[in-house]
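J.: quick one, what's the 3D model for this:
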Amino acid sequence: MPSKAKPSHNGNTLELPPHSVEAEEAVLGSALMYPEALDSLAFLESGHFYLLRHGWIYDALLAVRRRGAPVDIRAVAEELRARRQLDEVGGEAYLSYLPTTVPTALHAYVYGQIVYRAHVRRRLLGAANDIAALAQDGEQDLDAVIDQAQRLIFQFQAPGRQAVVRSFADVITDFWSSEYEADGEPERLIATPFADLNRLIFGLEPGDFVVVAAKPSMGKSAMLWQMATHAVEQGARVLFFNLEMSDRQMVRRTIAQDTGKSTADQRREAGRSDDAQRAEYVTWLTNWYESARDRLRNLYTVELTTVNAPRIAALCREQKRQYGLDAVFIDYLQLIDNSDLNARNRTRELEQTSQALLNLALELDAPVVTGAQLSRIGDNRPTLEALRWGGIEQPATKVIAIHSDNSAEDYENRGEEPPERLATDLIVLKHRNGPKSPPDVMVWWNRKRVRFENAV
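T.: This next block holds a predicted model:
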């Protein structure tokens, strides 16, 4: 049981940090009684104990065990004597007392959990004090304060991100468990809608920061939305930050992608004066609605005209806490507000925002995919240099560029009607864990359906 607060001399209650002396004694007594109990206490560290002397004794227990010597009262006492700590912990008499505090060592893990939870509660109190200090600091940007506060709390929800020294054999075991399911089949990554692209980049992986780069009017937003909906159809839980278009526009685009009925056709049919034709369109739209609503249930959108990186991170953490989160899409990078950054120029702003998104991907253990707009100037094929100049390339784990030698805009500039489908290349400009200079992936841009399609 956690220790209770004791009355002070003036009759008021003396507030003590959360702790349990009894549980700490039971942990140490269990280890002295049955040293194998330390195997179930691998999560526990000396710093987790409230009483300093208990932390010293635990450290001595581990040191004796690491040497391969028998773990008993005498050996632990000698270790503490060598460290000049034996008298301060209470001598051999206290070490002999500890095993008498616990009836059986079988519950060592339970005692250890009580000690660990009390430690976390003490840290939460410390974090609360830090958050209070942040809230009082009127000089800091509010979103930055919220981001720092969430980081202080989120660390307790994500112990996997803390530094832990582990046997590599355990690392291999974890890898095998996560990569392969019980039936021996590889665990599926989040695939893109394009088979040839998946073969090059292996899909979207946890911790990926993926940049989809293109000049204006090349289908960058459509590509991001198509990737997001495809991920949801695979069972992923997706959060889409829509910084360029309204949610209503995204619904019309989804109808076009799913059915081939362009946004212009949708408006035309919805506005028909003929009651029978209008009723036919409503029936058709109802069928689409019922199908899409069920199919895209795990796709969540955020419609914002102004948002910064800390706010994106805060919304993602909340989404993961409430509903789970497997992938994040942002349309697009240059629309993220950077006014809170103390950057000297635009390149530095984009570099800091890109690094923040990579950190977010690692924190969430989920891919973060964002669009990036390239300059209209020049007809040249996109290169990594353009993104490197903008400070975006370095943090990215994968960079995919959309390019067409004859875009719809090129046709219109020549006074020609563009064909319904345009040949387009997906160029893998960067893949940290992939082949160098991979071949381009040819896809079709379907103008009417506002989507890309596999070439085969």
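
J.: buried set for whichever strand or helix holds residue 197?
T.: If you go by DSSP states H and E, residue 197 is part of helix 195-201. Neighbour-count burial for helix 195-201 flags 196, 197, 198, 200, 201 (criterion: 16 or more other CB atoms under 10 Å). Quick note: C-beta positions are derived from backbone N, CA and C, even for glycine.

J.: with stretch 364-372 instead?
T.: So, applying 16+ other CB under 10 Å, buried residues of stretch 364-372: 364, 366, 367, 368, 369, 370, 371, 372.

J.: quick one, what contacts the residue nearest the centre of the chain?
T.: For the chain, residue 364 is the residue whose C-alpha lies nearest the centre (CA atoms, centre = their mean; 1.4 Å). Counting by CB atoms under 8 Å, 6 or more residues apart in numbering, residue 364 touches 316, 317, 320, 325, 328.

J.: by neighbours, which of those wins?
T.: residue 328 (27 neighbours; other CB atoms under 10 Å).

J.: and which of the buried residues of stretch 364-372 is nearest residue 253?
T.: residue 371 (14.4 Å; CB to CB).

J.: what's around the nearest residue to the closest one once chain neighbours are set aside, how many residues?
T.: Closest residue in space to residue 371, ignoring its immediate chain neighbours: residue 332 at 3.2 Å, by CB to CB, 6 or more residues apart in numbering. Residue 332 has 22 neighbours, counted by other CB under 10 Å.

J.: can you give me the helices in the stretch 101-250 of the chain?
T.: 108-136, 142-154, 168-179, 195-201, 220-233, 247-259 (DSSP state H, counting those that start in this stretch).

J.: returning to that earlier point: same list (the buried residues of stretch 364-372) but as JSON lines, adding distance to residue 431, secondary structure and pLDDT.
T.: Shown next, in JSON lines, are those (distance: CB to CB, whole Å; DSSP: H, G, I helix; E, B strand; the rest coil; pLDDT from 0 to 100):
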{"residue": "364", "distance to residue 431": "21", "secondary structure": "helix", "pLDDT": "88"}
{"residue": "366", "distance to residue 431": "18", "secondary structure": "coil", "pLDDT": "92"}
{"residue": "367", "distance to residue 431": "13", "secondary structure": "coil", "pLDDT": "94"}
{"residue": "368", "distance to residue 431": "16", "secondary structure": "strand", "pLDDT": "95"}
{"residue": "369", "distance to residue 431": "14", "secondary structure": "strand", "pLDDT": "96"}
{"residue": "370", "distance to residue 431": "16", "secondary structure": "strand", "pLDDT": "95"}
{"residue": "371", "distance to residue 431": "18", "secondary structure": "strand", "pLDDT": "91"}
{"residue": "372", "distance to residue 431": "16", "secondary structure": "strand", "pLDDT": "88"}
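
J.: picking up where we left off before, now the residue nearest to residue 371: how far from residue 346?
T.: Here residue 332 is placed at a distance of 15 Å from residue 346 (CB to CB, to the nearest Å).

J.: residue 226 now?
T.: Taken as CB to CB, the span from residue 226 to residue 346 is 29 Å.

J.: can you pick out the residue with more neighbours from those two?
T.: The residue with more neighbours, out of residue 226 and residue 346 and counting by other CB under 10 Å, is residue 226; that gives 22 against 12.

J.: got the contact list for that one?
T.: 193, 257, 451, 452.

J.: number of residues surrounding the closest residue to the third one other than its chain neighbours?
T.: So that's residue 451. Spatial nearest neighbour of residue 451, excluding adjacent residues (CB to CB, 6+ apart): residue 257 at 4.4 Å. Number of residues near residue 257 (other CB under 10 Å) recorded here: 18.

J.: list the contacts of residue 257.
T.: 222, 225, 226, 229, 449, 450, 451.

J.: the last one is in contact with residue 222, isn't it?
T.: So that's residue 451. Yes. Between residue 451 and residue 222 there is a contact at 6.0 Å, judged by CB atoms under 8 Å.

J.: now the longest strand seen in the chain: buried residues?
T.: Determined from DSSP state E, the single longest strand within the chain is strand 421-431. Within strand 421-431, the residues scored as buried using 16+ other CB under 10 Å are 422, 424, 425, 426, 427, 428, 429, 430, 431.

J.: from the chain's centroid, how far away is that strand?
T.: 27 Å (CA atoms, centre = their mean, to the nearest Å).

J.: which other helices and strands does that strand contact?
T.: helix 195-201, helix 384-389, strand 398-403, strand 441-446, strand 451-454 (3 or more CB pairs under 8 Å, 6 or more residues apart in numbering; DSSP states H and E).

J.: and among the ones you listed, the most buried is which?
T.: strand 398-403 (a mean of 24; mean count of other CB atoms under 10 Å).

J.: please indicate which of the contacts of residue 257 are buried?
T.: Buried among the contacts of residue 257 by 16+ other CB under 10 Å: 222, 225, 226, 229, 449, 450, 451.

J.: closest to residue 281 out of the residues you listed?
T.: Among the buried ones among the contacts of residue 257, and counting by CB to CB, the member closest to residue 281 is residue 449, at 17.9 Å.

J.: check contacts around the closest one.
T.: 256, 257, 259, 260, 262.

J.: over to residue 408?
T.: 217, 418, 422, 445, 447.

J.: which of these has the weakest pLDDT?
T.: Among the contacts of residue 408, residue 418 carries the lowest pLDDT, at 76.

J.: what residues are up against that residue?
T.: 408, 411, 412, 447.

J.: can you tell me the helix or strand for it?
T.: Applying DSSP H and E, one finds residue 418 in no helix or strand.

J.: let's have the chain start at 3 instead
T.: That works, and once the first residue is 3, the last one we named lands at residue 420.

J.: give me the phi and psi angles of the residue nearest to residue 373.
T.: phi -140, psi -180 (degrees, to the nearest 10).

J.: wait, isn't it in contact with residue 371?
T.: No. Look at residue 334 against residue 371 with CB under 8 Å: they stay out of range, at 10.2 Å.

J.: need the overlap of contacts for these two.
T.: residue 226.

J.: hang on, residue 441 in a helix?
T.: No. Using DSSP: H, G, I helix; E, B strand; the rest coil, the secondary structure at residue 441 is coil, not a helix.

J.: look up how far residue 77 lies from it.
T.: Counting by CB to CB, the gap from residue 441 to residue 77 is 64 Å.

J.: neighbour count for these two, which is higher?
T.: Neighbours per residue, other CB under 10 Å: of residue 441 and residue 77, the larger number sits with residue 77, 19 against 11.

J.: hmm, back to that, of the contacts of residue 259, closest to residue 137?
T.: Once CB to CB is applied, the member of the contacts of residue 259 that ends up nearest residue 137 is residue 227, at 37.7 Å.

J.: OK, contacts around that closest one?
T.: 242, 252, 255, 256, 259, 331, 333.

J.: output the contacts of residue 228 as TSV; include the columns distance to residue 145 and pLDDT.
T.: Below are the contacts of residue 228 laid out as TSV (distance: CB to CB, whole Å; pLDDT from 0 to 100):
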residue	distance to residue 145	pLDDT
195	34	92
259	33	76
453	34	85
454	34	90
